[in-house]
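[1] pasting a predicted model and its sequence here:
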Amino acid sequence: MSISYLNGEYQPLSEARISPLDRGFLFGDGIYEVIPYYNGKSVGLMPHIERMINGLAAIEIKCTKTADEWKALLDDLVARNSDLAANLGVYVHISRGTDVKRYHAYPENVEPTVFAFTFPIKDPEPVDRAKVTQYSMISTEDLRWQRCHIKSTALLGNVIHFQEGYSSGNDEALLYNADGELTEGSSCNAFIVKDGVVITPIQDNQILPGITRRIILDSLRADGSLKVEERVVTMDEVRNADELWITSSSKEIAPVTQLDGKPVGNGEVGEVWEKAFQIYTDTKYDF
């Protein structure tokens, strides 16, 4: 049975309960993270925790746990659930807490609600162009809020965009701003490849500071065999790219071979994807 953590207590996930007056329930007033563990080894655990702490500070939720305390808690939760599966994702969610009334302003003297649970995740994809899962996407204007750099639990905008892709028989939705510039996917970051160069939008308020994105950029730059650029990417560039990737903790680096019903590049998984994914795979546990 899956064991969860809620406000200092470990208990079966089916027994975990919060108040309907919790601000996470009423307003989506909270921060979350999803962290993969493969055979007990985490990928990007401390960067995930760092991003979570930064997000809590950005929305003024006062949570006193240190990075090391978070690490100990999450490692312990994974150990308690090791019988579920070899590979586990950890979802951790901190809301502002439970007040005695529904009121928009931040309440005072309220303890945050801290909740975490694990769930099985699939094995990593093979570093093999012929065997990796290929993705298809639609493109649509990004209509979410303007603080996408905060990993908020208020994900309705993302959910609506994801549903656009899902309802049209695709795997995801690729988003662009009012100026026709690539932002990200509804639940992932995005990269293109052109003439062997790996390119991704700059980190600003329009995109989430993805941990997988960060690991990819750091590992490719350290390796040095592929040129990397962070800059504005237009949708014209996306539509004329040789390769398109989406990245997240659950997808790692996923090749997209179809966009809006048309092939990306030659419609096959690219050689640069395979090289980049090998570099990422060789180094992902170092973060």
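    Looks like it arrived, so ask away.

[2] may I have the beta-bridge partners of the closest residue to residue 239 other than its chain neighbours?
    In space, not counting the residues next to it along the chain, residue 239 is nearest to residue 259; the distance is 7.0 Å by Cβ to Cβ, 6 or more residues apart in numbering. No exception for glycine: its C-beta is placed from N, CA and C like everyone else's. Counting by DSSP bridges, residue 259 forms beta bridges with residue 137, residue 262.

[3] so who does residue 259 touch?
    For residue 259, the contacting residues are 136, 137, 138, 139, 174, 238, 239, 244, taking Cβ atoms under 8 Å, 6 or more residues apart in numbering as the criterion.

[4] give me the pLDDT for the first one.
    Same thing as residue 136. We note a pLDDT of 98 for residue 136 in this prediction.

[5] surely it and residue 174 touch.
    No - Residue 136 lies out of contact with residue 174 (Cβ atoms under 8 Å); the separation is 10.4 Å.

[6] between the two, which one's more packed in?
    When residue 136 is set against residue 174 and neighbours are counted by other Cβ atoms under 10 Å, the residue ahead is residue 174, at 26 against 18.

[7] picking up where we left off before, look up how far residue 194 lies from the residue nearest to residue 239.
    Look at residue 259 and residue 194: by Cβ to Cβ, to the nearest Å, they are 14 Å apart.

[8] how about residue 92?
    Distance check for residue 92 against residue 194: by Cβ to Cβ, it reads 37 Å.

[9] okay, these two: which has more neighbours?
    Between residue 92 and residue 194, residue 92 has the larger neighbour count (other Cβ under 10 Å), namely 22 against 17.

[10] would you mind measuring from the closest residue to that one other than its chain neighbours to residue 234?
    Distances taken as Cβ to Cβ, 6+ apart place residue 116 nearest to residue 92, at 4.2 Å, with adjacent residues excluded. Remark: distance between residue 116 and residue 234 (Cβ to Cβ) = 40 Å.

[11] for these two, indicate the residue with more neighbours.
    Taking residue 116 and residue 234 together and counting by other Cβ under 10 Å, residue 116 has the greater number of neighbours (23 against 13).

[12] next, give phi and psi for residue 219.
    Main-chain torsions, residue 219, degrees, to the nearest 10: phi -70, psi -40.

[13] in this structure it contacts residue 278, no?
    No - Residue 219 sits out of contact with residue 278 when judged by Cβ under 8 Å, with a separation of 10.1 Å.

[14] part of a helix, is residue 93?
    No - remark: residue 93 does not belong to a helix; assigned using DSSP: H, G, I helix; E, B strand; the rest coil, it is strand.

[15] that one: neighbour count?
    The tally of other residues near residue 93 (other Cβ under 10 Å) stands at 19.

[16] so what sits opposite it in the bridge?
    What pairs with residue 93, by the bridge criterion (DSSP bridges), is residue 32, residue 115.

[17] what residues does it make contact with?
    Residues touching residue 93, when contacts are defined by Cβ under 8 Å, 6+ apart, comprise 24, 30, 31, 32, 113, 114, 115, 116, 153.

[18] for the residues you listed, which one is nearest residue 255?
    Nearest to residue 255 among the contacts of residue 93: residue 32, at 26.7 Å, using Cβ to Cβ.

[19] just the pLDDT for the closest one.
    The predicted local distance difference test score for residue 32 is 98.

[20] contacts only, for it.
    Residue 32 makes contact with 52, 91, 92, 93, 94, 151, 152, 153, according to Cβ under 8 Å, 6+ apart.

[21] how much space between it and residue 191?
    Taking Cβ to Cβ as the measure, residue 32 falls 24 Å from residue 191.

[22] mind checking which of the contacts of residue 93 are buried?
    Among the contacts of residue 93, those classed as buried by neighbour count (16 or more other Cβ atoms under 10 Å) are 24, 30, 31, 32, 113, 114, 115, 116, 153.
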